[in-house]
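**Q** got a sequence here, can you build the structure:
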Amino acid sequence: MAACDICPRRCGVDRNTAFGFCGEGAPVRVARAAPHYWEEPCISGIKGSGTVFFSGCNLRCAFCQNGAISHKGIGEKVTACQLADIFMRLQAEDVHNINLVTPTHFAVQIKEALLSAKSKGLYLPIVWNSGGYESVDTLRLLKDVIDIYMPDFKYVSADLSRKYSHAEDYFSVAKAALDEMVLQKGGAVFEDGIMQKGVLVRHLVLPGCTHDSKAVLRFLHRRYGASVYISVMKQYTPPKHPVPDQLGRALYEEEYKEVCEYAEKLGIEQGFFQEGDPVGESFVPDFDLSGVK
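**A** Take a look at the predicted model:
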């Protein structure tokens, strides 16, 4: 924390006394910790995923659907001991797993909490649910405590990643990170249809960006094949604030269909498509500090 290099930004900020690029200091902040039922079927199942939403983010996505916690400061400070207790409480609620959402910038503190919880009997699979913009060194730190990596893979285009997420190097960084995730976890393991170990990569189709979505799918399939599961998402929600280009409109059904048909043409068989309305406000929970206070 004294010269933070946990994520690829390597902003060097002393997070004990100031905020890093992620918008957070050293104390962990959590905005919600509760069962969540809208993840992929192999994550949510029927009992829900024990989802812990962390405040702050190392990306600056113009279209972020969790902007209230990633950019606007909602969240409650918790100690590593309190975070371990949150994990244990969620396990007692009989969820399928512990799902850590936007955890990257708190990786060290989360590992401490997980080790503490495991010493108290935490046995559920641990899901690392991130934007995909990760340091390989940090991922190696997590090797023994994370069971499932569930990263986004947002872009191939450096132009899009620069304009929409302020991360021109997103593709090269996310590729190296995903290489490490696959190396650590190997093939997926399931029990009664619920993933226990493995890598599930998510890609959100953005309005007007079908060409890049196809490039993402082509890259994932050619490089990793059956080593990863792929989720093609259409829950894009236009923000209420001004955004670049065509991001102010909803995703057209035809755009999503085009990308899904391309995935089938590539031969992708291990994955998920979404049904229903492309606009995804129903996928955004209330960040009301449930399960935290």
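
**Q** do a quick rundown of the strands in the stretch 151-293 of the chain.
**A** 189-191, 194-204, 229-233, 271-273 (DSSP state E, counting those that start in this stretch).

**Q** what average pLDDT does stretch 112-123 get?
**A** What stretch 112-123 shows for mean pLDDT is 98.

**Q** pull out the buried residues from it.
**A** 112, 113, 114, 116, 117, 118, 122 (16 or more other CB atoms under 10 Å). All C-beta spots, glycine's among them, are computed from the backbone N, C-alpha and C.

**Q** closest to residue 73 among those residues?
**A** Using CB to CB, the shortest approach to residue 73 within the buried residues of stretch 112-123 belongs to residue 113, at 21.6 Å.

**Q** how much space between the closest one and residue 86?
**A** Distance of residue 113 to residue 86, given as CB to CB, to the nearest Å: 8 Å.

**Q** which pair of the buried residues of stretch 112-123 spans the longest distance?
**A** Using CB to CB, the two most remote members of the buried residues of stretch 112-123 are 112 and 122, lying 13.0 Å apart.

**Q** residue 18: what's it in contact with?
**A** residue 25 (CB atoms under 8 Å, 6 or more residues apart in numbering).

**Q** so it, which of the three states?
**A** The local conformation at residue 18, judged by DSSP: H, G, I helix; E, B strand; the rest coil, is coil.

**Q** before we move on, what about residue 52?
**A** At residue 52, secondary structure determined by three-state DSSP is strand.

**Q** the one 4 residues further on now?
**A** For residue 56, the secondary structure call by three-state DSSP comes out as coil.

**Q** identify the residues contacting it.
**A** Counted by CB under 8 Å, 6+ apart, residue 56 has contacts 22, 23, 24, 29, 69, 70, 75, 102, 105, 106.

**Q** could I get the buried residues of stretch 112-123 as TSV with distance to residue 135 and secondary structure?
**A** As requested, these are exported to TSV (distance: CB to CB, whole Å; DSSP: H, G, I helix; E, B strand; the rest coil):
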residue	distance to residue 135	secondary structure
112	18	helix
113	19	helix
114	18	helix
116	23	helix
117	24	helix
118	23	helix
122	25	coil
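
**Q** can you add distance to residue 93 and give those residues back as a markdown table?
**A** Formatted as a markdown table, the buried residues of stretch 112-123 follow (distance: CB to CB, whole Å):
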| residue | distance to residue 93 |
| --- | --- |
| 112 | 23 |
| 113 | 17 |
| 114 | 18 |
| 116 | 19 |
| 117 | 14 |
| 118 | 18 |
| 122 | 13 |
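
**Q** which one of the residues you listed is nearest to residue 223?
**A** Of these, the one sitting nearest to residue 223 (CB to CB) turns out to be residue 114, at 29.1 Å.

**Q** so which residues of the stretch 1-150 of the chain form helices?
**A** Ranges of helices in the stretch 1-150 of the chain, per DSSP state H, counting those that start in this stretch, are 41-44, 67-70, 80-92, 107-119, 136-141.

**Q** buried stuff in the first one?
**A** Put plainly, it is helix 41-44. Applying a neighbour-count criterion of 16+ other CB under 10 Å, the buried positions in helix 41-44 are 42, 43, 44.

**Q** do you know the pLDDT at residue 18?
**A** Reported pLDDT for residue 18: 97.

**Q** where does the chain have its least confident helix or strand?
**A** One helix or strand of the chain scores below all others by mean pLDDT, DSSP states H and E: helix 67-70, with a mean of 83.

**Q** give the contact list for the nearest residue to residue 69 once chain neighbours are set aside.
**A** Leaving out its chain neighbours, the residue that sits closest to residue 69 by CB to CB, 6 or more residues apart in numbering is residue 31, at 4.2 Å. Applying CB under 8 Å, 6+ apart to residue 31 gives the contacts 53, 54, 55, 68, 69, 74, 75, 76, 287, 289, 292.

**Q** ok, residue 150 next?
**A** Residue 150 is in contact with 43, 99, 127, 128, 129, 130, 199, 200, 201, 202, counting by CB under 8 Å, 6+ apart.

**Q** and the two most separated of those?
**A** Within these, two members stand farthest from each other by CB to CB: 99 and 201, at 15.5 Å.

**Q** the two: which has the busier surroundings?
**A** The residue with more neighbours, out of residue 99 and residue 201, is residue 99; 28 against 25, by other CB atoms under 10 Å.

**Q** ok, that one - contacts?
**A** Counting by CB under 8 Å, 6+ apart, residue 99 makes contact with 36, 39, 43, 49, 50, 51, 52, 127, 129, 150.

**Q** go on, residue 69?
**A** Residue 69 neighbours (CB under 8 Å, 6+ apart): 31, 32, 53, 54, 55, 56, 75, 102, 287.
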